[in-house]
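# give me the fold of what follows.
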Amino acid sequence: MLRGLAALLVCLYHFTNYTSPDGSLLATDDPVRQIGELGINGVFIFFVISGFVIPISMYNGKYAINRLPRFLVRRWIRIEIPYIASILAFLVVFYISCRMYMWNFDFEPMRFLHHITYTVPFTDYDWYNVIYWTLAIEFQFYIIIAVLYPLFVHKNAAVRYGSLLVFGLSGILITNHSIFCHYGPIFGMGIALFLLKSGKMKDLEALLFVLLFAGVTAYTHDWVIATFAIATTALIAFVTIDNKLFNKLGDISYSLYLIHGIVGGNLLFIFSRYVDSYAGKLVLILLVTVASIASSYLFWWLIENPSKKLSKKIKV
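Below you'll find the model as predicted:
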């Protein structure tokens, strides 16, 4: 449910803050837009979830460092195939738009290559889709967790707690937004919860780590992000909701995250110029959100779910 909620929040952030050469869909002081701006925090909900889900799956699978290559290949297949498919979808839609509006279409092979390797932030290129920067952070996390996991579950408590402390506090020293460590305390909250759930950390210790990392997050980012991160950690720890609709939204959350801009953003580009009334704009936001969810289910069925099944064939 949380994954679905996080993806939906990011959608609403982009749709309520939509701006085109014709102007903004909603005024900057509009209350709906201001509420929608909170949706950017869906990104940090994903970071906490990854901090919890990835290590607990490694724990259940009895991960060992000698399985690192297979672990990374499995994660790469799971994430990369839908990611590349969304890039190709973007390029196709952009090419069609260029033909329709007489824009210049210029495909740069090196830009495409840097997208595949998540190295765009270290070049002069821009992301095709603004949300892709978060996938680069996630993939950096996969590499780091594959290396550091044995320290996090070490039988010596000092090693466990010391490595987690360094991991979380690294966000103070490294302030580059393109480097994973800047988000270390946010992922660290999920890892602390994992250690609690796996019996490798006591309640009070886990609480202290979460509060410490929340403080670091408030210092390095802001208190709103820290609040969302704490709330996510608490929901994972204490709340269980099993609902078919929410579960399905969670299933397609990655697909929704990848293509909501391609679908919803382009629908807003086409139709926003014809809607003048405030009520009409709100209805348009609702309709493009529904269209994005429906398209995401199709994308999940065609692309993401098959890649997920393929990744599971690689045993780690």
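# quick check, pLDDT for residue 316.
Residue 316 is assigned a predicted lDDT (pLDDT) of 69.
# could you number the chain from 27 rather than 1 from now on?
Let's use 27 as the start, then, which means that last one is residue 342.
# next, residue 50: phi, psi?
Its backbone dihedrals place residue 50 at phi -90, psi 140, with angles given as degrees, to the nearest 10.
# kindly state the beta-bridge partners for it.
According to DSSP bridges, residue 45 are recorded as the beta-bridge partners of residue 50.
# could you give me the average pLDDT of stretch 93-106?
In this model, stretch 93-106 has an average pLDDT of 92.
# show me what it is in contact with.
When contacts are taken as CB atoms under 8 Å, 6 or more residues apart in numbering, the neighbours of stretch 93-106 outside the stretch itself are 84, 89, 142, 161, 164-165, 168-169, 172-173, 280, 333-334, 336-338, 340-342. (C-beta placed from N, C-alpha, C; glycine too.)
# repeat that for 6 Å
Stretch 93-106 is contacted from outside by 168, 172, 334, 336, 337, 340, 342, using CB atoms under 6 Å, 6 or more residues apart in numbering.
# now residue 31: how far from residue 51?
Between residue 31 and residue 51 the distance is 23 Å, computed by CB to CB, to the nearest Å.
# repeat that for residue 253.
For residue 253, the distance to residue 51 (CB to CB) stands at 27 Å.
# now swap in residue 105 and tell me
When distance is defined by CB to CB, residue 105 is 31 Å away from residue 51.
# which of the three states applies to residue 340?
Secondary structure, DSSP: H, G, I helix; E, B strand; the rest coil: residue 340 is coil.
# what's the burial count for the closest residue to it other than its chain neighbours?
Closest residue to residue 340 apart from its sequence neighbours, by CB to CB, 6 or more residues apart in numbering: residue 100 at 4.3 Å. Counted with other CB atoms under 10 Å, the burial measure for residue 100 works out to 20 neighbours.
# between residue 253 and residue 51, point out the one with more neighbours.
A count of neighbours by other CB under 10 Å puts residue 51 above the other of residue 253 and residue 51, at 22 against 15.
# longest helix in the chain, by residue count?
Ranked by residue count and defined by DSSP state H, the top helix of the chain is helix 94-127.
# quick one: distance of the helix or strand just after that one to the chain centre.
Secondary structure here is assigned by DSSP states H and E; on that basis, the next helix or strand after helix 94-127 toward the C-terminus is helix 135-142. Going by CA atoms, centre = their mean, to the nearest Å, the spacing between the C-alpha centre of helix 135-142 and its chain's C-alpha centre is 20 Å.
# okay, now the unreliable bits of the stretch 227-342 of the chain?
Low-confidence segments of the stretch 227-342 of the chain, defined by pLDDT under 70, are located at 342.
# which stretches of it form strands?
Chain-ordered strands for the stretch 227-342 of the chain, with DSSP state E, counting those that start in this stretch as the definition, do not occur.
# can you give me the helices for it?
With DSSP state H, counting those that start in this stretch as the criterion, the stretch 227-342 of the chain has helices at 229-246, 249-264, 270-277, 279-286, 292-297, 304-325, 331-338.
# which among those helices is found nearest to residue 133?
helix 292-297 (18.7 Å; CB to CB).
# does anything pack onto that closest one? Which helices or strands?
Applying 3 or more CB pairs under 6 Å, 6 or more residues apart in numbering; DSSP states H and E, we find helix 292-297 packed against no helix or strand.
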